[in-house]
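K.L.:
Pasting the sequence and the predicted model now:
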Amino acid sequence: MAVTRLKRKNRKDKAVSAVRRQSLKIQNAKPVIKNVDIEKIKEEFKANASKKA
């Protein structure tokens, strides 16, 4: 008895699993935590304010 492959179903199954893997990766992704120097930003604002005035 010959076995035929259901190519359309195979493509669909792979697509569904790819979407699932991608969504899990997105859910588990953590943003990069950057160290922000607040004092430096305040100085930049003061410098910009003095240039405009």
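P.N.:
Looks like it came in fine. Residues are numbered from 1 along each chain as shown.

K.L.:
quick one: secondary structure of K9?
P.N.:
helix (DSSP: H, G, I helix; E, B strand; the rest coil).

K.L.:
for the chain, what are the low-confidence residue spans?
P.N.:
Within the chain, the stretches with pLDDT under 70 are 1, 53.

K.L.:
State the helix or strand in which the most centrally placed residue in it lies.
P.N.:
In the chain, the centroid-proximal residue (Cα atoms, centre = their mean) is I26; its distance is 6.0 Å. Counting by DSSP states H and E, the element that carries I26 is helix 7-28.

K.L.:
Give the next helix or strand downstream of that helix.
P.N.:
Where DSSP H and E defines the elements, the next helix or strand beyond helix 7-28 is helix 38-52.

K.L.:
So which elements touch that next one?
P.N.:
Contacts defined by 3 or more Cβ pairs under 8 Å, 6 or more residues apart in numbering; DSSP states H and E place helix 38-52 against no helix or strand at all. In short, each C-beta sits where N, CA and C put it, glycine included.

K.L.:
roughly how far is it from the heart of the chain?
P.N.:
Centre-to-centre, helix 38-52 and its host chain are 32 Å apart (Cα atoms, centre = their mean, to the nearest Å).
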